[in-house]
Structures are given as C-alpha cells and as structure tokens.
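Enquirer: Only the shape, not the letters, is given here:
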C-alpha cells in the first residue's frame, strides 16, 4: 500500500513505479486533507488504518507530516521494531 497523508507527486509516483517494476500492484491511499480515505475523517487512528491496510498488502509505504509517525505505527503493538 502507498499511504500518503502529505502531498508528494514525485515521491508517490516513484514508489508506485518501483512496485510495478518489481512485478507488484499497489493500493494508493491519499489520507491528506481532501484525500480519498474516510478513516482519518472519521477519527480512526493512524495505527488502526495501517494495520487494516496491511491485511491486503505485502508492503506498506507511509508518508506522514508528523515526525515519528512511522515509529509510532511500527511500535503500535510492540512486536515491530524500527
């Protein structure tokens, strides 16, 4: 999954191109303001959103404007270390 809570056309496209070049497919989620996900608008936590998407994917790429967001998600259940 390609999950972007911060707009970045070039970064998003580069990750999508890399996934396709490796023979994969991707799910893109625009979680920013005006994005295509209702999760953040309904108050779902970042950890819950990522955990749900992980059920559908082998790899998740996260871009978020808040420093430490990746670590927050990775340590959410204490089993994944950054």
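Expert: Nice, thanks for sending it over. All values reported here derive from a predicted model rather than from experimental measurement.
Enquirer: from here on, contacts and neighbour counts on C-alpha atoms
Expert: Will do.
Enquirer: do you know how far residue 44 is from residue 4?
Expert: 15 Å (Cα to Cα, to the nearest Å).
Enquirer: Mind checking which of these two has more residues around it?
Expert: residue 4 (21 against 11; other Cα atoms under 10 Å).
Enquirer: Which element, helix or strand, includes residue 6?
Expert: Using DSSP states H and E, residue 6 sits in no helix or strand.
Enquirer: Please go through the chain and pick out the longest helix.
Expert: Counting residues, the longest helix in the chain under DSSP state H turns out to be helix 9-21.
Enquirer: Just the buried residues of that helix, please?
Expert: 12, 16, 19 (16 or more other Cα atoms under 10 Å).
Enquirer: State the mean pLDDT of the helix or strand just after it.
Expert: Later in the chain than helix 9-21, the nearest helix or strand by DSSP H and E is strand 28-30. Per-residue pLDDT values over strand 28-30 give a mean of 84.
Enquirer: what lines up beside strand 28-30 in the sheet?
Expert: As defined by DSSP bridges, the strand partners of strand 28-30 come to strand 2-4 (parallel).
Enquirer: Distance from the longest helix of the chain to the middle of the chain?
Expert: In terms of Cα atoms, centre = their mean, to the nearest Å, the centre of helix 9-21 is found 13 Å from the chain centre.
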